[in-house]
Structures are given as C-alpha cells and as structure tokens.
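In: make a model of this:
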Amino acid sequence: MVLDPYLAKHLAHWGINMMQMEKTSKTMAELEIDMNVAYEFSALTESGAKLQALSGPGHVGLVNLGNSCYMNSVLQVLFSLTELSERYVQPAADIYSSAPAEPSSDLPTQLAKVGVALVQGRTGKPPASTAAGAGGGKAGTQAADAAVPMDTSDSKDVDNNQFQQQAAEVMAAAQQADHQQQPMDTAHVGGGQSETAVQEANSVKPAAFKALVGRGHPEFSSGRQQDAAEYLLHLLQLISRAEHAAASRLNIPDGQGLTPSIFNITLEDRTQCLTTSRVSYRRSVTSSLALHIPVEAAINQEEVANYKEREAKRQKLKDEQATAYIGAGSSLDGSTENGSNVVLLPHQGGTSDSTAAAGTAAASGNESPVLPVVPFEACLNKFIAAEVLDDYYSAAAGRKVQATRRTRFATFPPVLVIALKRYYVAEDWTPKKLEVEVPMPEQLHLEQLRSSGPAQSEQLQPEDDANQQQQPQQGGAATAGNGLGGGAATATEPDATIVAQLMSMGFSENGSKRAAIATGNSNAEAAMEWVLSHMEDPDFNDPWPAAAPAGGIAAAPAVQQQDPEKVSMLTAMGFEVDAAEAALGATNGNIERAGDWLFSHMDDLPAAIASVKRGESGAVAGGAAAAVDSRPSVIDGPGDYELLGIVSHMGSNTACGHYVAHIKKNGRWVIFNDEKVAASEHPPLSLGYMYVYIRVDKAQR
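Out: Numbering: from 1, shown residues only. As a prediction, this is how the structure comes out:
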C-alpha cells in the first residue's frame with residue numbers, strides 16, 4: 001500500500017477539493033434505506049417533539065450499558081404487568097432476606113431489585129424531582145411531573161458535585177414556588193441542566209441482572225445488539241427454571257402457574273388428507289405469536305410505486321447536477337483560477353435559476369418516505385389460512401399425498417405477545433428488514449379464532465401409523481398427552497452426512513437431524529427444502545427422541561456421551577460436571593429440560609445423580625416431569641385484549657440499531673428510551689416489532 005502525504009494537493013490538480021467532497025452517487029436501495037431509517041428513527045423516538053419528562057414510580061429509566069436497549073425495553077414492559085409486580089416487587093423484602101450468599105447469581109433477587117426500582121421508583125438516589133417534592137404542598141407534588149422539554153439525543157454526563165448543586169437549586173425553587181402557590185418548571189432550574197440531573201437520578205443500571213441472564217449464553221453475554229423477541233423467550237426460560245427451584249421461597253402454591261404460564265399460547269393444527277378426508281390434530285405451546293407480514297396485501301401499492309418513481313427522478317437529477325458541477329470546476333492542464341479547484345454545490349452558481357432550484361429540491365429530500373401499509377387483519381388471515389402440504393404421509397392412504405393444514409387457538413393467555421416478522425434473510429444470506437407499516441389495533445377480539453377440536457362427523461387418522469410418519473413432516477414429535485389422534489413418534493437414525501452438510505450451511509444440529517429423518521435420509525437437497533419450509537416450527541430445534549433398543553427398554557442415559565457445549569452451559573450456571581451430564585442424560589440431551597431437572601432436584605441432587613448413573617433415570621425423569629406437570633403451563637381465558645406496550649426497533653436488522661418501548665400507563669402512553677422517560681404524543685402503533693396485549697378484564701382493573 002502506498003501512502004500519499006500530498007493527496008489533497010494532487011487531487012486539487014484535477015479540480016477536486018477532498019475536504020469538501022461528499023458522496024453524491026447512491027443506488028436507489030441506499031437512498032431508500034437512508035430515508036426509511038431517518039423516518040423510522042424520528043417516528044419511534046418522537047424526535048423534535050417537546051415531550052413532558054416523567055419520573056417517579058412507574059416512570060424510572062434504565063441506563064444503556066452498551067447495546068443493552070433490547071433488554072431495557074423488555075424489562076420495562078414486563079414490570080408493567082401486574083403479575084410480575086405481585087411476584088417480585090411486593091414480596092421483595094422476603095426475597096432479599098432469603099437470598100443465598102451470592103445474590104448476584106440469584107435470579108429472583110435480581111428480578112426483585114429491578115422491579116422495585118421500576119415499579120416503586122426506589123433507585124437508591126435522591127432524584128431532583130423527589131428533592132423538590134420534599135418541600136411539601138402543591139408545588140412539591142407538581143414538581144414530580146414537571147413539564148421538562150426532553151431532548152431525544154444522548155444525554156451528557158454530570159458529575160456528582162454538579163448534580164448535588166442542581167438538586168439543591170430544585171429544592172429551593174420548589175420551596176419558593178410552594179410559598180407563592182405557583183407551579184414549578186424544572187426546565188429553568190440548574191442552569192439548563194435539570195433534564196440530565198433528573199435522568200441520572202431517575203434511572204438505574206441493571207448491570208448485575210444483565211450479567212446473570214447472559215451468563216453462559218454466547219450472544220446475550222456479549223456486548224452486541226440482540227433480538228428483543230429472542231431475549232424475552234430466553235428470559236422466560238430462566239425465570240421458569242428459577243421459579244421451579246424456588247417455588248416455596250417465592251410462596252408459589254401447588255397448582256399455581258409459574259410466570260411464563262401467563263404468556264403461553266396453545267395452538268392447534270388441523271391437518272386433513274385430501275385423498276381420504278381423514279384429519280389429525282396436533283397441539284403446541286408457544287410464548288409469543290409470530291406473524292408474517294404479507295407485503296403483497298398493502299393497501300397503498302400505487303402510492304408506494306409513485307413515491308419510488310419520484311425518488312428515482314430526484315436521485316438521477318442530483319447525480320447529473322453533481323457531475324456537471326464537478327466537471328465545470330476541473331482543470332486538466334494544472335492552471336487554476338479563483339475557485340476553480342473548489343467543488344460547487346448545485347445552488348452556489350454556475351447554472352440557471354431553474355436548474356439550481358431543481359438541484360436544491362433534489363438534494364433536500366423533504367418528502368417523507370411512503371411505506372407499504374399492510375392491515376393487521378391481513379397478517380392474521382395469513383396465519384390462519386389453510387396451507388397446502390405436498391409431502392404429507394397419510395396413514396389412512398398408506399402413502400404421501402396432498403393435505404391442508406390450518407391453525408387455530410386452543411387457549412388464550414392473560415398476556416398475548418405478538419411479534420411481527422419484519423426481519424428476514426435475503427437471497428444473498430444477508431439479514432434484511434421489511435420497511436412496512438402495520439397499523440395495530442388497540443383492542444383485539446380473537447375469540448372467533450378459538451378451535452373446537454375434532455367434530456363428531458370427522459374421521460381421525462389412525463393413531464400409531466399417522467403420527468409415526470406425520471410428525472416429521474410437521475417439524476417434530478407429537479405433543480404428549482394431547483389426546484387428539486397422536487401417540488409418540490418413533491425415532492429413526494438421521495444420516496450423518498446429510499446432517500453435516502446442513503450444519504455447514506448454518507442450520508442447527510437438531511433441525512438438521514429432523515430434516516434428514518423427515519425426508520427419509522434421501523439427500524441433502526431434499527432435506528434443505530424441508531428445513532426452509534419448517535424453520536418456523538416451534539419444535540424445530542428440539543432434540544429428536546433417541547431410538548430405543550430392541551424390546552422397547554430405553555438405554556441408560558449414563559452411558560451416553562453428552563454434548564460438551566451443553567455441559568459447559570449447565571456448569572456455567574453453577575452445577576458440577578457430573579450433575580450436568582446426569583441431567584442431560586435423564587432428559588435425552590434437551591438443555592431446557594435438563595435445567596428444569598437440575599432445579600427440581602436441588603433438595604436431593606446427589607441421590608438423583610446416583611439414580612441416573614444406576615440406570616434409573618426413567619423413574620427420576622418421570623418424577624421430575626410429574627412435578628413440572630403439577631402446575632398449569634397455560635392459563636386459558638377470553639380472547640379479548642387491550643394493547644399495553646410496544647417494543648420498537650430502528651435499524652436495518654436486529655444485530656444493529658436501537659430499541660425503545662412505549663407503554664400505556666393510567667390511560668397515557670409513555671416512551672421509555674433507556675434512561676429517558678416522557679409522555680408520548682404519537683406512539684408508533686404501525687412501526688413496532690413486539691406488541692404486548694393484556695386481557696380486557698385485566699385492563700379494567
């Protein structure tokens with residue numbers, strides 16, 4: 001590589017002033033991305049608006065620890081739920097007193113700490129608004145919700161002395177305002193720095209919580225940006241394990257569901273063979289409802305096309321003007337006149353007034369982007385629409401035939417989380433985002449989508465053969481105990497070569513095994529097509545049941561070689577290697593069930609490990625399953641909901657960008673942008689990523 005110390009001088013010879021150069025040539029894709037990101041950021045953060053800053057209980061911010069906005073947004077929504085407050089905030093004192101010697105490794109303790117700060121406003125600092133309120137009277141009360149113009153840009157640091165000085169000034173202002181019976185405006189206190197002081201005092205740093213939840217996880221333990229929906233599912237799994245182990249400590253009586261049960265939805269798939277008209281039913285449980293966005297159903301396709309045409313003309317005109325002025329200022333023979341080596345902007349001269357005006361309009365880009373608008377009903381209709389299966393094995397027909405499958409709700413949870421699938425992988429395997437608006441309703445009525453189960457006139461598929469062949473086509477083993485035409489799926493051995501080829505493409509090991517089995521170990525191409533069609537199945541990454549030896553007696557898990565990575569994840573949670581291996585052996589290598597197994601045997605862990613090593617894991621695992629199943633995994637109720645919160649993401653994909661949350665509190669929308677909390681004027685109902693709904697009967701309380 002050659003370094004030119006006189007690069008600027010040499011470029012000036014060609015009429016190029018590198019100090020004033022800027023990129024002018026952009027593709028339409030680049031132009032649309034820039035416009036959409038700017039529009040999205042302004043809409044989601046409500047930049048430019050003078051928002052009323054809020055503080056105190058229910059309006060506490062969370063400091064960004066470095067790409068932790070995804071966690072902050074999820075926590076703000078979770079602790080706006082009554083169930084989380086009742087379980088972790090109200091009994092916080094008891095949780096603290098019963099905490100282990102290392103509270104930093106105790107999830108209930110960390111949840112209680114975060115919840116107390118967010119719900120009760122106990123940040124451990126004397127906030128300026130609280131200090132002002134100490135003066136008593138009407139002004140002290142008004143100071144807590146004083147209208148502070150809120151800057152949505154990053155706040156500046158304030159040292160401790162400056163903060164104390166500002167707090168004292170706010171106290172004095174409050175006392176003076178109270179004496180004069182006038183409201184106090186904290187925007188004019190503290191030399192214009194009151195906003196920063198309030199934000200610092202009205203926020204907490206959940207560093208210990210982030211470290212604990214991310215421990216042992218390759219992504220959430222890092223400082224990289226993450227997917228908020230994936231983080232929510234991961235956090236709910238950890239909460240489930242912790243509550244299994246600490247049920248008595250948290251005063252969770254037998255028969256009462258754990259926290260994740262308030263999110264669990266039971267979906268029912270009805271598959272009908274088009275040859276024999278036989279049907280089969282399969283149920284699955286998921287914590288969130290993921291909906292595809294059918295862009296082809298946009299109601300403003302003509303407006304979008306016209307906007308793209310206008311943008312193309314603007315970009316072409318801008319490129320032509322830039323090229324013309326750069327060429328006009330060039331001097332190839334090295335002679336220069338005044339300003340000849342300066343690249344003029346289109347409006348600085350050298351052209352007619354009309355051309356300059358056109359160039360200015362092209363460069364200004366004042367028109368807001370026109371995004372496709374897809375109704376929420378279209379997303380929901382796509383979810384419930386019948387899907388044609390070409391490779392369905394019908395036990396009644398004895399061969400593969402065409403079938404139709406449709407999905408309905410078997411149960412409705414108290415809290416319904418809807419995640420819009422805005423993110424996808426393009427043909428070149430790069431992550432992309434759908435730039436589209438989906439206006440979400442603030443009230444949802446889904447009761448008409450409840451499933452009714454098999455009708456008396458329907459003929460079910462034969463139980464044994466149907467599920468033996470059918471489940472691989474649908475992405476996994478049958479849900480145990482659903483009682484709808486299903487027995488346990490019979491496992492076969494996947495072809496190691498096909499599995500290795502799929503894993504080299506980036507697919508998970510369990511998903512690759514399922515694909516190989518589902519396609520009869522035919523070839524890698526067929527397996528890959530199956531993967532692409534079933535990646536969204538809820539059990540796609542679940543381990544496939546190990547094949548039982550002759551006689552139907554399961555082999556002792558103790559002799560199996562466990563996955564070192566899974567063992568490492570369990571040991572990172574504080575368990576010994578032999579305990580981790582025993583748990584994996586007792587649960588067929590399922591990392592989630594292994595965690596539950598360990599926590600459910602905390603009182604008799606050595607004996608449980610010994611039982612597994614003696615080959616008695618069947619009884620042990622069965623006991624654990626019975627203990628888990630004694631609590632309801634779902635809480636059914638009416639399918640009528642009201643919107644509580646929105647988690648929004650701005651950026652080209654979930655590995656970058658920024659998250660904010662909008663939550664409805666006491667009838668008013670509030671924006672939570674990390675440590676900045678303010679009343680929202682325009683919540684982004686159409687640009688969100690995750691929407692959290694609560695039952696109408698809960699919302700009316």
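
In: so what's Gln443 closest to, chain neighbours aside?
Out: In space, Gln443 comes closest to Glu642 once its chain neighbours are excluded; the distance is 5.6 Å by CB to CB, 6 or more residues apart in numbering. Using the backbone N, CA and C atoms, a C-beta is placed for each residue, glycine as well.

In: burial count for that neighbour?
Out: By other CB atoms under 10 Å, 17 other residues sit near Glu642.

In: in its sheet, what does the helix or strand harbouring it sit against?
Out: Taking DSSP states H and E as the criterion, Glu642 maps to strand 640-650. If you go by DSSP bridges, strand 640-650 pairs up with strand 443-445 (antiparallel), strand 658-665 (antiparallel), strand 690-695 (antiparallel).

In: average pLDDT for it?
Out: Computed over strand 640-650, the mean pLDDT rounds to 95.

In: what does stretch 67-78 give?
Out: 95.

In: list the buried ones in that stretch?
Out: Asn67, Ser68, Cys69, Tyr70, Met71, Asn72, Ser73, Val74, Leu75, Gln76, Val77, Leu78 (16 or more other CB atoms under 10 Å).

In: could you export those residues as CSV, including secondary structure and distance to Trp14?
Out: Output for the buried residues of stretch 67-78, formatted as CSV (DSSP: H, G, I helix; E, B strand; the rest coil; distance: CB to CB, whole Å):
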residue, secondary structure, distance to Trp14
Asn67, coil, 42
Ser68, coil, 47
Cys69, helix, 45
Tyr70, helix, 47
Met71, helix, 51
Asn72, helix, 50
Ser73, helix, 50
Val74, helix, 54
Leu75, helix, 56
Gln76, helix, 55
Val77, helix, 56
Leu78, helix, 59
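
In: so can I have a markdown table of those residues showing distance to Leu267?
Out: Below are these laid out as a markdown table (distance: CB to CB, whole Å):
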| residue | distance to Leu267 |
| --- | --- |
| Asn67 | 33 |
| Ser68 | 32 |
| Cys69 | 30 |
| Tyr70 | 26 |
| Met71 | 28 |
| Asn72 | 30 |
| Ser73 | 26 |
| Val74 | 23 |
| Leu75 | 27 |
| Gln76 | 28 |
| Val77 | 22 |
| Leu78 | 23 |
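
In: next, count neighbours for Arg454.
Out: Residue 454: Pro, not Arg. Pro454 is flanked by 16 other residues according to other CB under 10 Å.

In: name the helices or strands packed onto the longest helix belonging to the chain?
Out: Counting by DSSP state H, the longest helix found in the chain is helix 301-328. Applying 3 or more CB pairs under 8 Å, 6 or more residues apart in numbering; DSSP states H and E, we find helix 301-328 packed against helix 28-45, helix 353-364.

In: now the nearest residue to His445 once chain neighbours are set aside: how far from Val89?
Out: In this structure, His445 finds its nearest non-sequential neighbour in Asp640, 5.4 Å apart by CB to CB, 6+ apart. With the distance defined as CB to CB, to the nearest Å, Asp640 ends up 27 Å from Val89.

In: ok, these two, which is more surrounded?
Out: Using other CB under 10 Å as the criterion, Asp640 and Val89 rank with Val89 on top: 21 against 16.

In: all set now, cheers.
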